[in-house]
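Asker: The following comprises the amino acid sequence and a computationally predicted model.
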Amino acid sequence: MSALVVAAVAGATACEPANGLNSASIAVTTGRVGTGALERNGVDVQWLSCTAGADGDPAWGASPAATVRRVANVDCNGRTGKGETITLTGKVTQELGGRCVRGDLTARTGGKDVFRADVLGNCDAAPSTAVLNPLPAGGGAAVRPAVTVTVTVTETPLGK
């Protein structure tokens, strides 16, 4: 039997493109608020990992005109505590500072729809005022750590 423990620490840039969506922020926010929504709907989320690609990202083609509403395609995959597959997919049209995402999203697990939503999270919540990397005592520039992803795998041989 093997146990898999996954811990991920993700950072998103404070700057958002002037004319649209930040795919890193969308992926992080969708993962966090999507996990909460799944758990509120009775799903035991073991892990959930999300990616997003916004119109205008280099991988998604040229930047759209300013009058075009930008859309990010979101794709989240995960597992329940019982080992069932979780998917959360759809399109995001707005991400509000880590508090919520708006768009058209569908969550499935065990081959069944769990929910379909146009908002995940609490868009009315106050923005976080947490300081992630305060300046060192005495001034100077703060050193910002790189984004870190840690995966720890512990395996126990069968029959022992």
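Answerer: Perfect, I can see it now. Numbering: from 1, shown residues only.
Asker: next helix or strand past the lowest-mean-pLDDT helix or strand in the chain?
Answerer: One helix or strand of the chain scores below all others by mean pLDDT, DSSP states H and E: strand 2-9, with a mean of 31. Counting by DSSP states H and E, the next helix or strand C-terminal to strand 2-9 is helix 23-40.
Asker: Flag every buried residue along that next one.
Answerer: Neighbour-count burial for helix 23-40 flags 23-35, 37-38 (criterion: 16 or more other C-beta atoms under 10 Å). Where C-beta positions appear, they are placed from N, C-alpha and C, glycine not excepted.
Asker: Can I get that helix in CSV? Just the C-alpha atoms.
Answerer: Once non-C-alpha atoms are left out, helix 23-40 reads as follows in CSV (Å, rounded to 0.1, in the frame of the first residue of the first chain):
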residue,chain,number,x,y,z
SER,A,23,-4.1,32.6,-16.0
ALA,A,24,-1.9,31.8,-13.0
SER,A,25,-4.3,33.7,-10.6
ILE,A,26,-7.3,32.0,-12.2
ALA,A,27,-5.8,28.5,-11.8
VAL,A,28,-4.9,29.1,-8.1
THR,A,29,-8.2,30.8,-7.2
THR,A,30,-10.3,28.2,-9.0
GLY,A,31,-8.4,25.4,-7.3
ARG,A,32,-9.0,26.9,-3.8
VAL,A,33,-12.6,28.0,-4.2
GLY,A,34,-13.4,24.9,-6.3
THR,A,35,-12.2,22.6,-3.5
GLY,A,36,-14.4,24.5,-1.0
ALA,A,37,-17.4,24.2,-3.3
LEU,A,38,-16.8,20.4,-3.8
GLU,A,39,-16.5,19.8,-0.1
ARG,A,40,-19.7,21.8,0.7
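Asker: Could you list the residues in contact with it?
Answerer: Outside helix 23-40, the residues that touch it by C-beta atoms under 8 Å, 6 or more residues apart in numbering are 10, 12-13, 16, 45, 48-54, 57, 72, 74, 76, 86, 88, 92, 95, 98-101, 105, 107, 109, 114-115, 117, 120-121.
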